[in-house]
Each structure stands twice: as C-alpha cells, then as structure tokens.
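# show me how the following folds:
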Amino acid sequence: QAADEKGDHTLANGTVAVLQMVDGIANVKQFGAKGDDITDDTVAINLAVDSGTTTVYIPEGKYKTTEGIEPPNGVGLVGAGVTRTKIKYYGTATAVSFGDSPIVVNYGCSISDLKIELVEKTSKGINLRATVKATVKNIILEGLYLPYDNTRTNIGIHIDGADASAFFNKFDSVLCNHMHESFRIQTTGTLHATTQYFTNCTAFGDQATDNLSFGFRIGDGGTYIQEGQGTVITGGNVVFDTGMDMLVNQPENFDMIVTNIPFSTEIKKKILARLVEIDKPFIIILNFTNIFTKYMREIFEGKLDQL
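As a prediction, this is how the structure comes out:
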C-alpha cells in the first residue's frame, strides 16, 4: 500500500514496514515519489521533508510538482546532481520555499545538486524568507515558458528579509537561465536582506527578447533602503542592472568598493573618491566580469558628473 504520513507501509499480510532512515537522511522514494515526469510527486516530497529528518535525498529522476515544496527550519534538500535530479514545477507560486515564519529567523536550511524547471511564466524557483546561513549550491534554475519575452515575471531566487531579516546566506555555483529576474534581494516586510555571499553564480537572461530582465536585482523594500548592503559577489557572469543604476542615481544609499572591473584608473579613482565619503555598509564586487561590462561602463562614463 501507499506510504502513510510517516512514510510507513502496510504490507499485504498486515505487517507494518516502518520507514528506516540512514544517518538522518530520508529518501523521497520511500515516501512514494516516482520521479517519472508523470506522477505528481508534491505530496510525497513534502511528506519526506516533514518526516523529522534533517536531510532529504532526491535521487535521479524528474519529479513533477504542482504545489510548492516547503522544508521546515533546518532541513536540507540534496539531489544526485544537476543533470540527474530535476524538479519540474507546474504551479504559479514557488517551487521550493524555505522559512517557516516571516517574523522568526530561520536557520540552517539548504538545497544542493539538483535542477528546478519552471513551467509557468509567473512562478519562482527558490524563496529564502528570513533565512540565516542558508546554503544554495550546485543548482540550475531554468524557465521553460515560451516565448522568452517581457511578459514573463519569473524569478530564480528571491532572498526576502520579511519581518525578521535575512543574512549570511551563501550561494555557490548557481545558474539561472531564461529568468525575468535571476537573483532578487528584496524584502516583502519591514526588515532587510543584507550580507549575502555569491560565488560563481551566473545569470543567463534574454536581453534580446526581454529587455527588462535582471541578473541581480537589489530592491528598495523595507523601512530603510539597505537591501543588499554588505553583499559579496565573486566570479560568475554577473548582470547587475538595478544595483548599478541605483549606484549612479542614488549613490547616497551605497558605499561600494569596486575592483577588477575594466574601468579606466581615472574613473575608478573618481568613483571610489565619491563613495568613500559615504558612511554606510558596503557592497563588494570582486572579479567582476560579464558580457554587460561595456554597458555598465557607458552608464558610469555618461553619468560620472553625478558621482
């Protein structure tokens, strides 16, 4: 018979086969998930994440989901690799949501080694609400909706301070493809999402068909304009449209140290001279290379007098 709410199975002879977890790891297939791209595995995966374990393993397969997966505080999802484990989300909300409560800081959640595919154009891949020290590693998020145009509103990862704040979250080797917004740092509440760490994170947008798309979008939510401050971004193909525009148009809101960007030495000196006067937390961008460097350089050179 199908697994009950604890993952246990009743055999044909009436014996109950109790689910055994190995080293605190629950396999979603023990809870009835099929991973065949046909069966709706939403309930089975959520049974696994609610089983009391700290780690949920999602083995090779393509798992159809129609509602969100919502791991409780301190639970991690682990796949078999981005080419082997895929969650195909057919809903219009969020595929995977971390953060039990918007008013309580949520510690220790993680997701790694899998791919999330978004079928609908309004859906979101991963939501981190009021999380601290969350880890997102070796993840691909891909929008499947066609055409790739500016009617899409899908988001790869949303870091949301909510009413408790979100900070010290780490993102390593994350690729967002065909997203309207790849990485959004913006609260929906009163406190901010600050001090995030991105390493080798890549945003592949569709500028030709969606010229309003963003790689990294730093919002202006909350009571004070502090979104994203203290964030460190290293490596990867970083498209920082909104962040850079805010640096030019609202430099009083940022204290930013810019290094390893191919601006001229003179321009760097002028930017830094202006920014070091601002006594606020800062965003650091290191090893900042991407195909939009020329575009950003033109923004700085064209509006340098404002700095």
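# from here on, just use CA atoms for contacts and neighbour counts.
OK.
# do you know how far the nearest residue to Ile25 once chain neighbours are set aside is from Gly24?
Nearest non-adjacent residue to Ile25, counting by Cα to Cα, 6 or more residues apart in numbering: Thr55, 4.9 Å away. When distance is defined by Cα to Cα, to the nearest Å, Thr55 is 6 Å away from Gly24.
# so for the two, which residue has more residues nearby?
Thr55 (24 against 11; other Cα atoms under 10 Å).
# related to what we said a few turns ago, can you give me phi and psi for the residue nearest to Ile25?
Backbone torsions of Thr55, given as degrees, to the nearest 10, read phi -140, psi 130.
# please apply the same query to Ile157.
phi -130, psi 130.
# before we move on, back to that, partners of the residue nearest to Ile25 in the sheet?
Per DSSP bridges, the residues bridged to Thr55 are Ile25, Gly76.
# these two touch, right, it and Asn73?
No. Checked against Cα atoms under 8 Å, the pair Thr55 and Asn73 is beyond contact range at 11.3 Å.
# show me the contacts for Met97.
To be clear, residue 97 is Ser; Met isn't right here. 68-71, 126-129 (Cα atoms under 8 Å, 6 or more residues apart in numbering).
# if you rank these by neighbours, which is first?
The residue in those with the most neighbours, by other Cα under 10 Å, is Arg129 (28 neighbours).
# gap between that one and Lys34?
For Arg129, the distance to Lys34 equals 29 Å [Cα to Cα].
# show me the shaky parts of the stretch 151-300 of the chain.
With pLDDT under 70 as the threshold, the stretch 151-300 of the chain has low-confidence stretches at 205-209, 219-300.
# what about the stretch 1-150 of the chain, any weak spots by pLDDT?
Residues of the stretch 1-150 of the chain that meet the cut-off, pLDDT under 70, sit at 1-23.
# all strands of it, in order?
9-10, 16-17, 25-27, 36-40, 55-58, 61-65, 76-79, 85-89, 94-98, 106-107, 110-118, 124-129, 131-132, 135-143 (DSSP state E, counting those that start in this stretch).
# can you say which of these is packed in most?
Of all the strands of the stretch 1-150 of the chain, strand 131-132 has the most neighbours on average by mean count of other Cα atoms under 10 Å, namely a mean of 28.
# what sits up against that strand?
Contacts for strand 131-132 (Cα under 8 Å, 6+ apart): 98-99, 105-109, 161, 165-169.
# quick one on the thing from earlier: need the contact list for the residue nearest to Ile25.
24-26, 49, 75-78 are the contacts of Thr55 under Cα under 8 Å, 6+ apart.
# neighbours around the nearest residue to Asp113 once chain neighbours are set aside, how many?
With Cα to Cα, 6+ apart as the criterion, Asp113 has its nearest non-adjacent residue at 4.3 Å, and that residue is Gly81. For Gly81, the neighbour count with other Cα under 10 Å is 18.
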